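J.: Curious how this folds, go ahead:
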Amino acid sequence: MANNTYARYKGRLFWILGAFMICIVLLVVQLFRWQIVKSQELQRRALGQWTSSTVVSASRGSIYDRNMELLAVSASSKSLVVQPAQIAKKGNANTTADQLAAILDMDRETIYTRVTNTKYAEQNIKRHLTDEEALAIEALDLPGVVLVDFFATWCKKICSDDFFRFEYITFNNASHNCSCHITCSDKS
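T.: Next up, the predicted model:
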């Protein structure tokens, strides 16, 4: 009787064991492919998903001279950054480019190229937006469109000869370089 039960289940056991072994072999092959063959590509893709860096400069505060005259004051302005992967996921690159081009008075094709360039996690569209531009973009509430604070230092220097006032603006950009715009005007 016990031999008859074993014989009856022997065929089923053989097929179940065979299917189990095939699954294990397929799993080992797939693990080999992921760990050895495609490891570099998968690591690169994972790093792109996990990390994203955005430099946010800190405000420097006001600078006064010994007579408590204001020499420099920090102010923030907005910069427009897009995240092409999020825009591609929503499938609204054309709409986004059209709306941003209308608000920023920029070339639509330039914006569309940046919005669809998924090679980079973030693309800068425009820095130093006016308050009106920033409010209009915020009102659109577009996915993948981000306004970033960008700190600027406004400096004022009065020359000792009292004939000219030099006013200049330095903007701290992401590479920590400064660009200066100097204007000269009669003090009167």
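J.: For the rest of this, base every contact and every neighbour count on C-alpha atoms.
T.: Noted.
J.: next one: phi and psi at residue 123?
T.: phi -130, psi 130 (degrees, to the nearest 10).
J.: Quickly note the distance from it to residue 63.
T.: 33 Å (Cα to Cα, to the nearest Å).
J.: And the helix or strand containing residue 5, how far out from the chain middle?
T.: If you go by DSSP states H and E, residue 5 is part of helix 2-32. Between the centre of helix 2-32 and the centre of its chain there are 51 Å (Cα atoms, centre = their mean, to the nearest Å).
J.: Same question for stretch 139-148.
T.: Taking Cα atoms, centre = their mean, one finds stretch 139-148 lying 12 Å from the centre of the chain it belongs to.
J.: How far does it stretch from one end to the other?
T.: In stretch 139-148, first residue to last residue: 15 Å (Cα to Cα).
J.: Look at residue 123 and residue 63 and report which has more neighbours.
T.: Between residue 123 and residue 63, counted using other Cα atoms under 10 Å, the more crowded position is residue 123 (20 against 13).
J.: Can you check the pLDDT for the more buried one?
T.: Residue 123 carries a pLDDT score of 86 in this model.
J.: Mind listing the residues bridging to it?
T.: With DSSP bridges as the criterion, residue 123 is bridged to residue 82.
J.: Now for it: which residues touch it?
T.: With contact set as Cα atoms under 8 Å, 6 or more residues apart in numbering, residue 123 has these partners: 81-84, 114-115.
J.: Return the closest of those with respect to residue 21.
T.: residue 84 (44.0 Å; Cα to Cα).
J.: Show the contacting residues for the closest one.
T.: By Cα under 8 Å, 6+ apart, the neighbours of residue 84 are 114-118, 120-123, 144.
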